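1. Structure, please.
(one chain, ligands or ions: 1)
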Amino acid sequence: MSGFGFGEEEDLLRRQIAEFARRELAPGARERAKTPGMDIEALRKMAGLGLTSLNVPAEYGGTTTGWVKLGIIVEELSKADSGVGGYVIMGPAVVGKILTQAPEELQREWFPRLLSFETFPCFCVTEPDCGSDAAAIKTRAVRDGDFYVINGEKTSVTLGVQGGIAAVFAKTNPEAGVRGVSCFLVPLDLPGVTKTPMKDMGWIPLGRASISFDEVRVPADHRVGEEGRGFYLMMDVIGGLRVCMTLWAIGEAEGALEGAVAYAKGRMAFGRPVARFQGVSFTIAEQATILESARLLCYRALWLMDQGLPHGKEQAMAKWYGTRMAAMAAHEMLLIHGHVGYTEEYPVEQLFRNLVGNEIADGPAEIMKLIICRELMGRDFEPL
Ligand SMILES: Cc1cc2nc3c(=O)[nH]c(=O)nc-3n(C[C@H](O)[C@H](O)[C@H](O)COP(=O)(O)OP(=O)(O)OC[C@H]3O[C@@H](n4cnc5c(N)ncnc54)[C@H](O)[C@@H]3O)c2cc1C
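-> The predicted structure is shown next:
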């Protein structure tokens, strides 16, 4: 081994983001976590450091960031403010990556609107009848001259409530399986689009919605990539985000751990701070160790991605293990707070509720294990 750890550049980035997040984001984070809708003021502060334009081409005011650096940014932001940490991934980094592959005219129209927070982007795969089995989507896009006509219903769309432009995955050839899926950029003010907000237990600022498309006419140049290539585009975007989604979760859990340490040092029971009881301090030690092991899985997967090396199994391992461990750590940290952990007085209950979302979104544990099995044992032995 020639070295183990981050380079100077990454260490500096981590320090800068951590310091910024503590100073600028932590003070209002509790209130923001309960309030539907992204806080534009907080996003503007992040924009000052270029954190809301990652993966956006330089000509539109963005910066290209490697995966490891994106992970560091997300982890450090999420320790202080879960909502904005999530926005970095679920916002421009997702749809931005798709938009960069769209015709230049669309990029010129939408990037400035997204970067000025005039509107928000969202990503529509999941439907009421299918989530994990994304190839089974029923939403249809039928070519009609210079337009496609889209019909169907998407659900569970993060940023759907605020979203103004959606990457919508629809079948252009239902007989062709995954090769029949195409991707469209759909402005959500077109006639025939209806949104219904969802009542969620977490991720409150990122407001999810169901979005239905009823005879929505989308100009044909709003298709991204070739017809029938949408599924591969979807998988490419989702794969990388899985790991960042996990560092988002780990950042939140690290924040919960920090809160529990402070609480345990101050809370007295039987004449001493509860931090003096092994039952409490060993729990903290165990969860810190588990979170560290999950972090390492994530950064190794991101490093493989940056190097252009195979990374499918490693992404799936990081996502399954990391989001599960983060949710478990938040649960343990909540218990250390005793009865007040179960109230809104402390942020840990909200973190716990958010973290269940990270377990499910972008592929639940079973699907991640399926990917791992497929790589270890081959498709012939894929579990049922
Ligand atoms: C907070 C949050 C944000 C989200 N944001 C978005 C978004 O922005 N855009 C979007 O399109 N979607 C989004 N989703 C949806 C998410 O991607 C899906 O929930 C996820 O893919 C799982 O699909 P499903 O919920 O339909 O579960 P299902 O596919 O119905 O699965 C139900 C259960 O069965 C298990 N299961 C399914 N198939 C198998 C199998 N083959 N083997 C073993 N077990 C299996 C699953 O693991 C799960 O436990 C979000 C979800 C959440 C919770």
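
2. all strands of the stretch 1-150 of the chain, in order?
-> Remark: strands assigned in the stretch 1-150 of the chain by DSSP state E, counting those that start in this stretch are 120-124, 140-144, 147-157.

3. Can you say which of these is packed in most?
-> Highest mean neighbour count of the strands of the stretch 1-150 of the chain: strand 120-124, a mean of 27 (counted as mean count of other Cβ atoms under 10 Å). Bear in mind the C-beta positions are built from the backbone N, C-alpha and C, glycine included.

4. is that strand up against the ligand anywhere?
-> Yes. Contact between strand 120-124 and the ligand, assessed by Cβ under 6 Å from any ligand atom, occurs at 123-124.

5. Also stretch 192-200?
-> No. Judged by Cβ under 6 Å from any ligand atom, stretch 192-200 and the ligand are separated, with a smallest distance of 6.8 Å.

6. from the stretch 101-250 of the chain, which residue is nearest to the ligand?
-> Nearest residue of the stretch 101-250 of the chain to the ligand (Cβ to the nearest ligand atom) works out as residue 131 at 1.9 Å.

7. chain center to stretch 373-381: distance?
-> Put simply, stretch 373-381 sits 27 Å off its chain's centre (Cα atoms, centre = their mean, to the nearest Å).

8. buried stuff in it?
-> 373-374 (16 or more other Cβ atoms under 10 Å).

9. ok, residues contacting that stretch?
-> 312-313, 382-383 (Cβ atoms under 8 Å, 6 or more residues apart in numbering).

10. 6 Å instead?
-> 313, 382-383 (Cβ atoms under 6 Å, 6 or more residues apart in numbering).

11. For ChimeraX, write the selection for the buried entries among the residues you listed.
-> To isolate in ChimeraX the members of these that are buried, counting by 16+ other Cβ under 10 Å, one can use:
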select :313
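
12. In strands, which of the contacts of stretch 373-381 fall?
-> Using DSSP state E, the subset of the contacts of stretch 373-381 located in strands is empty.

13. Adding distance to residue 158 and pLDDT, write the contacts of stretch 373-381 out as TSV.
-> Below are these laid out as TSV (distance: Cβ to Cβ, whole Å; pLDDT from 0 to 100):
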residue	distance to residue 158	pLDDT
313	26	97
382	29	81
383	29	79
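
14. And the contacts of stretch 373-381, which is closest to the ligand?
-> residue 383 (6.8 Å).

15. check which helix or strand covers the closest residue to the closest one other than its chain neighbours.
-> Leaving aside its chain neighbours, residue 383 sits nearest to residue 373 (5.5 Å; criterion: Cβ to Cβ, 6 or more residues apart in numbering). Remark: residue 373 resides in helix 365-377, with elements defined by DSSP states H and E.

16. the domain parsing of the chain - what is it?
-> Domain ranges of the chain: 8-115, 120-228, 231-381, per automatic domain parsing.

17. Give me the helices and strands touching the lowest-mean-pLDDT helix or strand in the chain, please.
-> The helix or strand of the chain with the lowest confidence, counting by mean pLDDT, DSSP states H and E, is helix 94-99 at a mean of 83. When contacts are defined as 3 or more Cβ pairs under 6 Å, 6 or more residues apart in numbering; DSSP states H and E, helix 94-99 packs onto strand 120-124.

18. Parallel or antiparallel, list what pairs with the strand it packs on.
-> As defined by DSSP bridges, the strand partners of strand 120-124 come to strand 163-171 (parallel).

19. Is the ligand within reach of the strand it pairs with?
-> No. Contact between strand 163-171 and the ligand is absent, the nearest approach being 7.9 Å (criterion: Cβ under 6 Å from any ligand atom).
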